[in-house]
Every structure is written in C-alpha cells, then in structure tokens.
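Undergrad: 3D, please:
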Amino acid sequence: MTNPFLTLMLPSILIVLADMVSFALPLGGGERNSFKVTLVLSFTMFIIILNDQLPGDSSCSPIIRTHFCVCLVLMVFSMLVSMVLTRLAEDGRLFSCCGSKGSKPEVTGTKNEKEDEEAKADISVVQLNGSEEDSRMLRKVVNFLEAFAAQTAESERNRKFAKKLDQIFFWLYSILGTIYFFAMIFTMAKHQCVVNHFDFWY
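TA: Numbering: from 1, shown residues only. The predicted model follows:
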C-alpha cells in the first residue's frame, strides 16, 4: 500500500489540506478565492493526468476514482462557499440579483428624516449667531457624517456575520474532511475486490 499511498492518496490529502488552511486568508481582497480556484484547477489537471494511468471501469474498478471525485466536490463546494461569503461581507447580500436592497431606502429615508429633525433642533441654536447659509452647510455636514457612520456600522455588521459563518464552515469542513480521509485510508487498506467468474450461472 505504501507506493499507491505516496503517489495517489498523499497528493490529494495535501491539496485538500491546503484548501483548509486557505481559510486563514481574509475574505476581502480576493486572495482566498484566487487561491482556491488555483487549487481546483491544479487538482483537475492532476485527475486528468491520472485518468489514463488508472484501470478502466469494471467490476473491480479502483476505489481511488471515487476518492478523487469526492475530493474535487469538496474543493469546489468550499470555493463556492468562500465566494458567497465574500459577497456577503461586501454588501450584506448573498447574490447580486437577490437581497433586501429595495426595502432599505425606506428605512434609511425614515431614519434620515428623524436625524434631520434632530439636526435642525440642534442647529437652531447656531442660527442665532450665524447666517442661514452657514446653518445649511452645517446641516449637510452633519447629515453626511451620520450617513457615513451608519454605512460604516452596517458594513462592520456584515463583515462580522460573514466571518462567523466562515468560521463555522471551516470547522465543519475540517472535521468532516478529517473523518473522511481516515475512513478512506482504512477502506483502501482493507478493501479487496473479489470477482465471481461463474456468476453467469445464476
């Protein structure tokens, strides 16, 4: 088992392990997604190269084929989840075509109206000693700062929520991947294919 393990099983384990460690990269910036795409393409090329070397489909087709398919599915699913979480961290939506973007302006508008009334009440004191133009400019500055603070707080909430989901998926991915590899190594070590050459009698 040593030679097949070193040439077939170990490379797939190392590539999936690198995919797990890639969760240490930040969600923003695109470095993680680019790295995961590179891993998926590398593993795909690895499978294509081995496709001509492995025995063909038969009653005793090698179980390593199933293992490679499972690894590829895990890596592609991890890449897609990372892309979705990156989008969620950016603007709080899972997809560009979906989200509550249409309902937000009403809430924002109501909030801005309340903030404008409070700002007018505060600025009315300034109007005693300043001109109307100065108070109008001050009101614009206050509104801009409040809107910027609200947007920053919302972006921070989106990043924290996406980071929490990212940590949950990382631990699930690590635990399930580790269990799968131990189970697959045990199966490959104990699996023996027995073909009954006289089954045509039945």
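Undergrad: And the helices in the chain?
TA: 2-4, 10-21, 31-51, 64-91, 104-126, 132-190 (DSSP state H).
Undergrad: what about residue 63, how many residues close to it?
TA: For residue 63, the count of nearby residues is 13 (other CB atoms under 10 Å). (Glycine included, C-beta is placed from N, CA and C.)
Undergrad: if we can go back for a sec, just send the helices of the chain back as TSV, with mean pLDDT and mean neighbour count too.
TA: Shown next, in TSV, are the helices of the chain (pLDDT from 0 to 100; neighbours: other CB atoms under 10 Å):
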stretch	mean pLDDT	mean neighbour count
helix 2-4	61	8
helix 10-21	90	16
helix 31-51	89	15
helix 64-91	88	17
helix 104-126	48	12
helix 132-190	83	13
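Undergrad: Could you list the domains of the chain?
TA: 2-99+158-201, 104-148 (automatic domain parsing).
Undergrad: Residue 51 versus residue 68, what's the distance?
TA: 9 Å (CB to CB, to the nearest Å).
Undergrad: Also residue 70?
TA: Applying CB to CB to residue 70 and residue 51 gives a distance of 16 Å.
Undergrad: just residue 156 next, same as before
TA: On the measure of CB to CB, residue 156 and residue 51 end up 47 Å apart.
Undergrad: Next: residue 178.
TA: Counting by CB to CB - residue 178 and residue 51 are separated by 27 Å.
Undergrad: Also residue 166?
TA: 34 Å.
Undergrad: Equivalent analysis for residue 45, please.
TA: 11 Å.
Undergrad: and what of residue 158?
TA: 42 Å.
Undergrad: With residue 168 instead?
TA: The value you get for residue 168 to residue 51, if CB to CB is used, is 35 Å.
Undergrad: Next: residue 138.
TA: Distance, residue 138 to residue 51, by CB to CB: 70 Å.
Undergrad: How about residue 157?
TA: 47 Å.
Undergrad: again with residue 71
TA: 14 Å.
Undergrad: Provide a list of residues in contact with residue 35.
TA: When contacts are counted by CB atoms under 8 Å, 6 or more residues apart in numbering, residue 35 touches 22, 25.
Undergrad: Repeat that for residue 162.
TA: Residue 162 touches 27, 85-86, 88-89, counting by CB under 8 Å, 6+ apart.
Undergrad: try 10 Å
TA: By CB atoms under 10 Å, 6 or more residues apart in numbering, the residues touching residue 162 are 27-28, 84-90, 92.
Undergrad: Please name the nearest non-neighbouring residue to residue 71.
TA: Spatial nearest neighbour of residue 71, chain neighbours left out: residue 12 (5.0 Å); criterion: CB to CB, 6 or more residues apart in numbering.
Undergrad: dump the residue contacts of the residue nearest to residue 46 when sequence neighbours are not counted.
TA: Take residue 46 and drop its neighbours on the chain: the residue closest to it by CB to CB, 6+ apart is residue 11, 6.6 Å away. Residues in contact with residue 11 (CB under 10 Å, 6+ apart) are 42-43, 46, 50, 71.
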